[in-house]
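In: Below is the sequence, then the predicted model.
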Amino acid sequence: MINQKSQSSDIRRVAVVGSGLAGLSAARLLTQQGTSVTLFEKSRGPGGRLAAKRVTGGSADVGAQYFTIRSPEFSRFLHEYAGEAAFAAWEARFGYQQPDGRWQAFPEEPRYVGTPRMTAISRALASGLEIQAETRIAELARTDTQWTLTDTAGQPYGPFDAVIITAPPAQARDLLADSTLPDLAQQLNGPVSAILPCWAVAAYYETPPTDTFEGMRPNHDILYWVANNSSKPGRDDKGQWWVLHATPQWSADNEHTPAEEVMGSMVAAFQELTGAQHAPVETVSHRWLYARSADSDRPGCLWFPDDGIGLAGDWLAGGRVEGAFDSARSLINAMNRV
């Protein structure tokens, strides 16, 4: 890693809201330069969209399906802080369906996954960091130049010299609005409208439903992506767990549809797509309200030096998994220029 010392002597303690890849990256980069960091995570553990759902016999990746490594900085970061045992190349066949129904192979590019599940990466990155899990921050309050954070139970934390918010833009906007920071909250109206939802379903088949591709992007009204999760390295499933992602439009149209009905529609679409003759023996679902951004505006990060508040996330840097790291790195660089 590049050994970078902070040029901002006033920022000694930082609170990071959210422990997805952007939050973990920011915490690691700040800690490396000697800054004290506390992460606040509303869920039981870190990960964000590097999520896996426990299923019979193991787990299924219901969030990000894979990631690429295109920059040397991201490669060095993963090797140093996650370690080589936490991820591996997914040697699979990927295809996408053209409007006329024909299938074509994805462009050749190394694609990686966490081993034995996507959460292995976030767990490794979180090791040794101070994380307040199951803590939902409800309000930020500033006294002079320092911030106090208060959770939904009324418990205060702080003081901190700066706050980094890595929650999805809708949640970040609500937090800023509830903290009487309307000008900052208003700047997120555009990004909020650009975030797309996604219904995800994991379906277990005792015998393979198809053997054409391990990962497919169909031209379909319901299905946006389907993948054989069991084909990923480190998985040891007796049958096959397949992960299905719905299109953003169908997911939005069915935001309040009961999960059982959603699973039935998505599995039926998968059966039709693959020609599978048998139904899955188990299904689980997950609804992502904030899955990915359709916005082409990519500032990298948002840093408000007069307030001591920064925002980072893949939605600010192109939407890919690597974008979360890029966003965090650009934010830390901006903070160092204070």
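Out: Looks like it came in fine.
In: If I follow the layout properly, residue 170 ends up in contact with residue 192?
Out: Yes. Counting by Cβ atoms under 8 Å, residue 170 does reach residue 192; the two are 4.8 Å apart. Quick note: C-beta positions are derived from backbone N, CA and C, even for glycine.
In: Which one's more surrounded, those two?
Out: Remark: of residue 170 and residue 192, residue 192 carries more neighbours, 19 against 15, as counted by other Cβ atoms under 10 Å.
In: would that one count as being in a helix?
Out: Yes. Residue 192: assigned to a helix according to DSSP: H, G, I helix; E, B strand; the rest coil.
In: need the contact list for it.
Out: 169, 170, 173 (Cβ atoms under 8 Å, 6 or more residues apart in numbering).
In: what about stretch 198-209, average pLDDT?
Out: On average, the pLDDT along stretch 198-209 is 97.
In: ok, now stretch 86-93?
Out: pLDDT averaged over stretch 86-93 gives 97.
In: re earlier: Serialize the contacts of residue 192 to TSV and add fields for pLDDT, distance to residue 20 and secondary structure.
Out: Shown next, in TSV, are the contacts of residue 192 (pLDDT from 0 to 100; distance: Cβ to Cβ, whole Å; DSSP: H, G, I helix; E, B strand; the rest coil):
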residue	pLDDT	distance to residue 20	secondary structure
169	96	13	helix
170	96	15	helix
173	98	17	helix
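In: what's the closest of these to residue 163?
Out: Of all the contacts of residue 192, residue 173 has the smallest distance to residue 163: 14.5 Å, by Cβ to Cβ.
In: pLDDT at the residue lying closest to that closest one once chain neighbours are set aside, what is it?
Out: Excluding the flanking residues, the one nearest residue 173 by Cβ to Cβ, 6 or more residues apart in numbering is residue 188, at 4.0 Å. You'll see residue 188 listed with a pLDDT of 96.
In: Then residue 4?
Out: Listed pLDDT for residue 4 reads 42.
In: pretty sure the residue nearest to residue 173 is touching residue 177, no?
Out: No. Between residue 188 and residue 177 there is no contact under Cβ under 8 Å: 9.2 Å.
In: OK, contacts around residue 320?
Out: 67, 68, 314.
In: Tell me the buried residues within the residues you listed.
Out: Buried members of those, counted by 16 or more other Cβ atoms under 10 Å: 67, 314.
In: Tell me where the model's unsure across this protein.
Out: 1-9, 296, 338 (pLDDT under 70).
In: Helices along the stretch 101-250 of the chain, start to end?
Out: For the stretch 101-250 of the chain, the helices defined by DSSP state H, counting those that start in this stretch cover 119-126, 169-178, 182-186, 189-193, 248-253.
In: Dump the contacts of residue 192 into CSV; add distance to residue 337 as well.
Out: Putting the contacts of residue 192 into CSV (distance: Cβ to Cβ, whole Å) gives the following:
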residue, distance to residue 337
169, 24
170, 29
173, 25
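In: Pick out whichever of those residues sits closest to residue 91.
Out: Nearest member of those to residue 91, counting by Cβ to Cβ, is residue 169, at 35.0 Å.
In: that older thread, between residue 188 and residue 177, tell me which one has more neighbours.
Out: Neighbour count, other Cβ under 10 Å: between residue 188 and residue 177, residue 188 has more, with 22 against 14.
In: tell me the contacts of that one?
Out: Contacts of residue 188 (Cβ under 8 Å, 6+ apart): 169, 170, 172, 173, 176, 311.
In: picking that back up, name the nearest of the contacts of residue 320 relative to residue 14.
Out: Nearest to residue 14 among those, with distances taken as Cβ to Cβ, is residue 314, at 20.0 Å.
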